[in-house]
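Chemist: Model the following, please.
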Amino acid sequence: MFEVRVPPYEEPAAPCPAVSPAQQAEALSYFKARSVAATLEQGLVLGADTVVAYRGRVFGKPADAADARRILQTLAGTTHEVITGIALVDAATGRRRIGHDVTRVTMKAMTPAELQAYLASGRWQGKAGAYGIQDHDDAFIERIAGSFSNVVGLPMELLARMLDEFGRTSVDAADRAETAPDRAAEEPGTRWIADRKRPDPP
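Modeler: Residues are numbered from 1 along each chain as shown. I've put the predicted structure just below:
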């Protein structure tokens, strides 16, 4: 059983150029988890944060529709990296585990009409890189190399390994997470769905 909580932590408005995208994702996931753990006497707290990296630039969640347009125009037709940092913090002991996963995503070019339709849908809101791979049946995604669940926002394979280190298990092992074909031979994670961020606007 788990409970979703909005972390009492204010995310930076812009990426920090002094750290790598992976370091940023790990740091933000830990700050989120730690801020929630500080309000509890016991329990294992999971925090996560996803960023998109392309040619040295880091893209988080767009501020508005104009920002989403700029991000999508940059990423469309490219292969970029989706990086999710996750942190587990034991509220009672302060014990922690922090890690990240990286998936390479090749996105198709978008026509002006397709871009406008996606912006009008509002599905870019609250999503790193201004898109959610699960939202539009992969219409703009040509190929992924790595964990599919990492692109959705919670790398299940990594989470399963980290939970094992805590002597915990997520859900029945028969309920497997989806992975990309070129990673299918790796140890699968379990499908354990939890909203790690603020709910998307209706």
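Chemist: CA only for contacts and neighbour counts going forward, please
Modeler: Fine.
Chemist: Just the CA trace of stretch 118-137, in PDB.
Modeler: The C-alpha trace of stretch 118-137 is given here as PDB (Å, rounded to 0.1, in the frame of the first residue of the first chain):
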ATOM      1  CA  TYR A 118      -0.700  18.700 -29.600                       C
ATOM      2  CA  LEU A 119      -0.200  22.100 -28.000                       C
ATOM      3  CA  ALA A 120      -4.000  22.700 -28.100                       C
ATOM      4  CA  SER A 121      -4.600  19.300 -26.400                       C
ATOM      5  CA  GLY A 122      -2.700  20.600 -23.300                       C
ATOM      6  CA  ARG A 123      -1.100  17.200 -22.800                       C
ATOM      7  CA  TRP A 124       2.400  18.900 -22.700                       C
ATOM      8  CA  GLN A 125       1.600  20.400 -19.300                       C
ATOM      9  CA  GLY A 126       3.600  19.100 -16.400                       C
ATOM     10  CA  LYS A 127       5.800  16.900 -18.600                       C
ATOM     11  CA  ALA A 128       9.600  17.100 -19.000                       C
ATOM     12  CA  GLY A 129      10.400  17.700 -22.600                       C
ATOM     13  CA  ALA A 130       6.800  18.800 -23.200                       C
ATOM     14  CA  TYR A 131       5.500  15.400 -24.200                       C
ATOM     15  CA  GLY A 132       4.300  12.200 -22.600                       C
ATOM     16  CA  ILE A 133       5.100   9.000 -24.500                       C
ATOM     17  CA  GLN A 134       2.000   7.300 -23.000                       C
ATOM     18  CA  ASP A 135      -0.400  10.100 -24.100                       C
ATOM     19  CA  HIS A 136      -0.600   9.800 -27.900                       C
ATOM     20  CA  ASP A 137       0.000   6.200 -28.700                       C
END
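Chemist: What are the contacting residues of that stretch?
Modeler: Stretch 118-137 has contacts (CA atoms under 8 Å, 6 or more residues apart in numbering) with 50-52, 59-62, 64-65, 68-69, 71-72, 75, 141, 151-152, 198, 200-201.
Chemist: Check the gap between the residue positioned nearest the centre of the chain and residue 37 for me.
Modeler: Geometric centre of the chain, nearest residue: residue 153, 2.7 Å, by CA atoms, centre = their mean. Distance of residue 153 to residue 37, given as CA to CA, to the nearest Å: 21 Å.
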